[in-house]
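Asker: Kindly return the folded structure for what I paste below:
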Amino acid sequence: MSFVLSNAHIVLPDRVMHGSVHMDNGIIVEVSDDPHLVIDGVPTEDLGADYLLPGLVELHTDQVESHYQPRPKRFWDPIPAVIAHDAQMAASGVTTVLDALRIGSGPGENRISGNARTLVNAVIHAAESGLLRADHYVHLRCEVATPDVVEVFDEVGGHERVRMVSLMDHTPGQRQYADVESFRTYMVGKHSMSNAQFDEHVAELHVLSSLHSDDNRRLMAERARERGITIAAHDDATQEHVDESAAAGVRISEFPTTIVAARAARAAGQLVVMGAPNIVRGGSHSGNVAAADLLRLGLLDILSSDYVPASPLQAVFLLFGRGEITLPQGAALVSANPARAAGLDDRGVIAVGKRADVLRVQTYAGASLEQHPLGSLMPIVRGVWRQGGRVA
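Answerer: Model (predicted):
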């Protein structure tokens with residue numbers, strides 16, 4: 001199918017241009033500075049001077065798990081859960097998704113690895129059956145301090161849609177939960193633990209970490225390298241953590257918790273990923289380094305939705321409205337850089353020869369809020385195309 005999106009403010013890698021984009025057979029074939037481009041016999045859609053951005057590439061969203069388990073101990077059919085998750089991602093402007101699925105069951109988490117097996121199969125089946133709007137791949141979040149993580153990876157990690165693994169260790173007292181009392185607040189509040197139960201839980205986690213973390217981190221990294229899967233580190237906090245990651249072949253530093261770790265990751269040639277909710281909320285919910293601080297220091301490469309699908313686009317326009325970034329810089333954070341990190345070089349920018357993955361955005365002046373007293377520039381997604389086909 002050949003068509004033209006005209007009268008758009010096109011966000012290119014180096015500038016914003018008022019023009020038109022011609023797409024044919026799922027590929028961008030022309031980017032013109034004529035906002036009223038007409039090609040004989042080719043249908044045209046006038047975008048009314050709205051923004052046209054490259055489709056977002058999402059490396060770390062946990063939301064498919066939430067659709068599968070919408071309430072504690074209540075599970076949805078896996079294929080409809082994946083389809084519902086996919087619709088939410090597409091409506092948020094995401095055209096490529098790496099669904100982050102945790103493997104590795106810890107204390108009291110007997111279903112975790114079983115859920116992962118179910119959801120990996122559901123994502124792959126739905127993607128390859130043409131049921132989804134966005135292009136879906138799998139990101140395995142590997143909890144290295146659990147006894148079964150390597151076994152589960154060996155079952156589900158061989159499919160070509162598994163493109164990324166992250167090496168995680170959520171043992172309290174280090175990394176994300178360096179402040180054990182912050183972890184206590186989370187567990188007592190979310191899981192209704194008593195303080196005595198929490199203390200027993202933490203002691204058990206430390207035993208498991210001492211038994212499994214080092215060996216499993218090494219084994220998972222070896223398997224990922226053998227299969228050509230991109231490796232990410234998760235919640236690195238120190239120079240020593242980054243040195244360990246670099247030795248394992250890590251290319252991506254997800255959610256470093258300190259400026260020290262972010263600087264070390266950049267020096268090691270790793271791309272730094274932070275959660276877009278951190279930008280929108282004005283800081284980390286765990287009390288770790290703020291993504292905006294890393295951005296100002298030039299240490300932020302990629303924004304991920306993490307637990308709020310609409311947050312990457314919202315963060316880009318919030319930062320743009322405050323004059324902290326340009327829109328081309330914002331598009332790099334949510335499209336070009338994550339595509340490069342995942343080895344998907346055929347997408348992520350609006351350019352001739354790239355996939356016709358684009359989205360139309362109008363803007364709206366948001367009301368003043370406590371975290372944004374001067375208001376914010378809010379993006380409204382009005383259209384999404386994946387390989388030239390309208391999906392939202």
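Asker: Skipping its backbone neighbours, what lies nearest residue 220 in space?
Answerer: residue 142 (5.0 Å; C-beta to C-beta, 6 or more residues apart in numbering). All C-beta atoms are positioned from the backbone trio N, CA, C, and that covers glycine.
Asker: what's near enough to touch residue 353?
Answerer: Residue 353 sits next to 27-28 when contact means C-beta atoms under 8 Å, 6 or more residues apart in numbering.
Asker: swap in residue 4?
Answerer: Per C-beta under 8 Å, 6+ apart, neighbours of residue 4: 20-23, 37-39, 42-45.
Asker: Was I right to think residue 271 contacts residue 252?
Answerer: Yes: between residue 271 and residue 252 there is a contact under C-beta atoms under 8 Å: 5.1 Å.
Asker: The two: who's more crowded?
Answerer: residue 252 (24 against 21; other C-beta atoms under 10 Å).
Asker: Check that one and give its pLDDT.
Answerer: Note on residue 252: pLDDT of 97.
Asker: who are the neighbours in contact with it?
Answerer: By C-beta under 8 Å, 6+ apart, the neighbours of residue 252 are 59, 164, 166, 230-233, 270-273, 302, 341.
Asker: Quick check: the gap between residue 134 and residue 120.
Answerer: According to C-beta to C-beta, to the nearest Å, residue 134 and residue 120 sit 17 Å apart.
Asker: and the two? which has more neighbours close in?
Answerer: Neighbours per residue (other C-beta under 10 Å) separate residue 134 from residue 120, with residue 134 holding more: 29 against 23.
Asker: And the pLDDT for the nearest residue to residue 331 once chain neighbours are set aside?
Answerer: By the measure of C-beta to C-beta, 6+ apart, the closest residue to residue 331 outside its immediate chain neighbours is residue 11, 5.0 Å from it. At residue 11, the model reports a pLDDT of 98.
Asker: Who does residue 11 form a beta bridge with?
Answerer: With DSSP bridges as the criterion, residue 11 is bridged to residue 16.
Asker: Count residues in the vicinity of it, would you?
Answerer: 26.
Asker: quick revisit: out of the contacts of residue 252, which are inside strands?
Answerer: If you go by DSSP state E, the contacts of residue 252 have 59, 164, 166, 230-233, 271-273, 302 in strands.
Asker: Pick out whichever of the residues you listed sits closest to residue 296.
Answerer: residue 272 (13.1 Å; C-beta to C-beta).
Asker: Run through the residues that contact the closest one.
Answerer: Counting by C-beta under 8 Å, 6+ apart, residue 272 has contacts 252-253, 256, 262, 265-266, 294, 299-302.
Asker: Out of the residues you listed, who's the most crowded?
Answerer: Busiest of the contacts of residue 272 [other C-beta under 10 Å] is residue 256, holding 32 neighbours.
Asker: Quick check: chain neighbours aside, which residue is closest to that one?
Answerer: residue 262 (4.5 Å).
Asker: I'd assumed residue 293 was in contact with that neighbour.
Answerer: No: the criterion here is C-beta under 8 Å, and residue 262 misses it with residue 293 at 9.1 Å.
Asker: how about low-confidence regions in the protein?
Answerer: Across the chain, residues meeting the criterion (pLDDT under 70) sit at 106-110, 170-208, 210, 285-287, 366-375.
Asker: mind giving me the domain ranges of it?
Answerer: Annotated domains of the chain cover 2-49, 55-346 [automatic domain parsing].
Asker: For the shortest one, measure first residue to last.
Answerer: Taking C-alpha to C-alpha, to the nearest Å, the first and last residues of domain 2-49 lie 21 Å apart.
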